[in-house]
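Asker: Got a predicted structure plus its sequence, pasted below:
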Amino acid sequence: MVMDISGLNFLNKDQILKEKNETDFYAKDWTGHYKPDAKLVLFPRTSIEVQKIVLWALESKVSLVPSGGRTGLSAGALAQSGECIVSFEKMNQILDWNEADMSLKVQAGVITETVQKEVQKKGYLFPVDFGAVGSSHIGGNVATNAGGINVLKYGMTRNWVTHLTVVTGEGKVLNLGRQLIKNNVGFDLMNLFIASEGTLGLITEVGLRVTQKPKEQTAFLVLIQDVSQAIEVLSAFRKSCDLAAFEIFSQQTIPLLSKHSGRKFPLQAQSEYALIFDVLGDSSEALDVFSDLLESEKLVDGVLSESAEQYEQMWFWREQITESLSELKPYKSDISVRPSKIPEFFSWVESFIKIEYAGFNVFLFGHVGDGNIHVNITKPESMKHEDFLLECQRLTPVLFQKIQDMGGSISAEHGVGLIKRDFLHYSLSEVEIDYLRSIKNVFDPQGILNPGKLLPNL
Ligand code: FAD
Ligand code: 2HG
Ligand code: ZN
């Protein structure tokens, strides 16, 4: 079907892309696996232009897919049925900084790292942090409620949002939150749009609170033999130290990263898992805990950072895992359980893969401190990619059933998008899914916003 774009004459030439070889780039995220197909990409510069785009889409019966930095891992920003992409790339202005309020206001297309740097220049911290901040947009972070490495201390993106300007699927502009710290006037509409993955409205402006920068920050990189020790080590440090991040990765990731970078892992001893965590403030108490744990053989070995350079070198082994695995095109799942259940989850996954998927490799890593694990599985070398995808289809319901049995969630921080929408019932009851549908109908009654994402088809 040809799309009538005469109603888009409020946009300049450089705000519209029509050629397939150009639109494909904007029609997919990091998920891979899917074939992109978008008719059009639009680049609004203001909230008013976004509103006009929605009104045009309603009139022309066109579906819109919001697109941020396209680093999403759930195919949320994917267009595969000739939709129109709304890219926020040109909405990249920092709008306001207010020292007294410790608050920043930006357009939705500002890159996350730019927000971090801007806030740092002012002497403060924006603590949402993860491997893709150099490309992801703040609007995308809000739309997915991104987590990352600092959730243990600072919470998820939601925790930092004080304002959203949103254009709903009806073309109405809402100013929500108003950068207030306290604002209890009935239901919290602003929070409904956080983690809504572009299905309720297009986020055009974001107000963020910031916090104090820690005076000192020390990274500890330690080896453990058994995953149950991860939780013991977490508890031991948490009792007396201010922990920001607490992450785990299995030893199998190390040769991959070494191969990519030529770097040498700083610890020699053999062990099943490594933990990396940040201690804020004075590290003397943490050093005592560290020595006690080494002495009682709860830790195999460990180092701590003594300079900014060492800190960066140590975190490299955690931050770069996704990039290093990407050429192996792994099956990925992002799940959470209560931290106390992590050991049960690890041993279940490992023995399940060993028994049912001999020859496959499982890489377990993630934010163990908050119970969020990333399961990455790669195929045996001899297996064809299509066969691997079929095997993964068989695996997903078994994995999600285990998560349901453990009282966990099938999506911890990456969202639902397209890849998990048909599995929502493993985490939500039918009644809850019905309420989600009702909310969708309130804000997007014609279903033009990111159709087919987040909610299972009826
Ligand atoms: P996109 O991928 O462009 O879009 C994501 C979703 O948001 C889509 O549904 C899209 O339609 C919607 N959307 C985007 N912009 C808007 C808008 N302005 N209004 C309405 N809807 C919008 N995620 C984590 O949570 N923690 C991690 O630790 C983490 N690490 C990562 C590491 C790597 C190497 C990579 C590649 C990804 C990682 N991610 C992580 C996933 C991803 O970076 C986050 O989900 C991020 O928040 C997505 O932002 P984006 O701008 O790229 O959004
Ligand atoms: C991380 O924590 C990201 O590194 C990506 O959330 C996880 O690649 C993954 O599976
Ligand atoms: Zn993560």
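Answerer: Now that the structure is in, tell me what you want to look at. Ligands and ions are numbered 1, 2, ... in the order given.

Asker: what about stretch 218-238, distance to the chain center?
Answerer: Taking CA atoms, centre = their mean, to the nearest Å, one finds stretch 218-238 lying 24 Å from the centre of the chain it belongs to.

Asker: Next, the buried residues of that stretch.
Answerer: Judged by neighbour count using 16 or more other CB atoms under 10 Å, the buried positions of stretch 218-238 are 218-224, 227, 229-234, 236-237. To be clear about C-beta, it is placed using only N, CA and C from the backbone, and glycine gets the same treatment.

Asker: next one: stretch 424-432
Answerer: Leu424, Tyr426, Ser427, Leu428.

Asker: Stretch 139-158 now?
Answerer: Applying a neighbour-count criterion of 16+ other CB under 10 Å, one finds 139-154, 156-158 buried in stretch 139-158.

Asker: out of the buried residues of stretch 218-238, who's near ligand 1?
Answerer: Contacts with ligand 1 within the buried residues of stretch 218-238, counted by CB under 6 Å from any ligand atom: none were found.

Asker: Which members of these are positioned in helices?
Answerer: Assignment to helices by DSSP state H places the following of the buried residues of stretch 218-238 there: Gln229, Ala230, Ile231, Glu232, Val233, Leu234, Ala236, Phe237.

Asker: Turn those residues into CSV, columns for distance to Arg45 and pLDDT.
Answerer: Shown next, in CSV, are those (distance: CB to CB, whole Å; pLDDT from 0 to 100):
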residue, distance to Arg45, pLDDT
Gln229, 52, 96
Ala230, 47, 97
Ile231, 49, 96
Glu232, 53, 96
Val233, 49, 97
Leu234, 46, 98
Ala236, 52, 97
Phe237, 47, 97
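
Asker: okay if I get those as JSON lines plus distance to Ser250?
Answerer: Converted to JSON lines, these look like this (distance: CB to CB, whole Å):
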{"residue": "Gln229", "distance to Ser250": "14"}
{"residue": "Ala230", "distance to Ser250": "11"}
{"residue": "Ile231", "distance to Ser250": "16"}
{"residue": "Glu232", "distance to Ser250": "18"}
{"residue": "Val233", "distance to Ser250": "16"}
{"residue": "Leu234", "distance to Ser250": "17"}
{"residue": "Ala236", "distance to Ser250": "21"}
{"residue": "Phe237", "distance to Ser250": "20"}
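
Asker: Name the residues of stretch 349-369 that are buried.
Answerer: By neighbour count, and taking 16+ other CB under 10 Å as the criterion, the buried residues in stretch 349-369 are 349, 353, 357, 360-369.

Asker: Quick check: helices, which of those residues are part of them?
Answerer: Filtering the buried residues of stretch 349-369 for helices - DSSP H - leaves Val349, Ile353.

Asker: And the buried residues of stretch 349-369, which is closest to Phe316?
Answerer: Taking CB to CB as the measure, Phe365 is the one of the buried residues of stretch 349-369 closest to Phe316, at 13.6 Å.

Asker: Verify the contact between that closest one and His374 for me.
Answerer: Yes. Here Phe365 lies in contact with His374, judged by CB atoms under 8 Å, at a distance of 5.5 Å.

Asker: Around ligand 1, pick out the residues from the chain.
Answerer: 29-30, 65-73, 76-77, 88, 108, 130-132, 136-137, 139-141, 143-144, 146-148, 197-198, 202-203, 322-323, 413-414, 417, 450, 453.

Asker: ChimeraX command for the buried members of those residues?
Answerer: Remark: buried members of these, expressed as a ChimeraX selection using 16+ other CB under 10 Å:
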select :29,30,65,66,67,68,69,70,71,72,73,76,77,88,108,130,131,132,136,137,139,140,141,143,144,146,147,148,197,198,202,203,322,413,414,417,450,453
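
Asker: Filter the residues of the chain next to ligand 1 down to just the ones in helices.
Answerer: Among the residues of the chain next to ligand 1, the members falling in helices are Gly139, Gly140, Asn141, Ala143, Thr144, Thr322, Glu323 (criterion: DSSP H).

Asker: which residues touch the residue lying closest to the first one once chain neighbours are set aside?
Answerer: Put plainly, it is Gly139. Distances taken as CB to CB, 6 or more residues apart in numbering put Ala108 closest to Gly139, at 2.8 Å, once the chain neighbours are dropped. Ala108 makes contact with Gly68, Phe88, Met91, His137, Ile138, Gly139, Val142, Leu202, Ile203, Thr204, Glu205, Val206, according to CB atoms under 8 Å, 6 or more residues apart in numbering.

Asker: again, but for Pro330
Answerer: By CB under 8 Å, 6+ apart, Pro330 lies in contact with Phe363, Asn376, Ile377, Thr378.

Asker: Considering those residues, which is situated nearest to Ile439?
Answerer: Nearest to Ile439 among the contacts of Pro330: Asn376, at 32.4 Å, using CB to CB.
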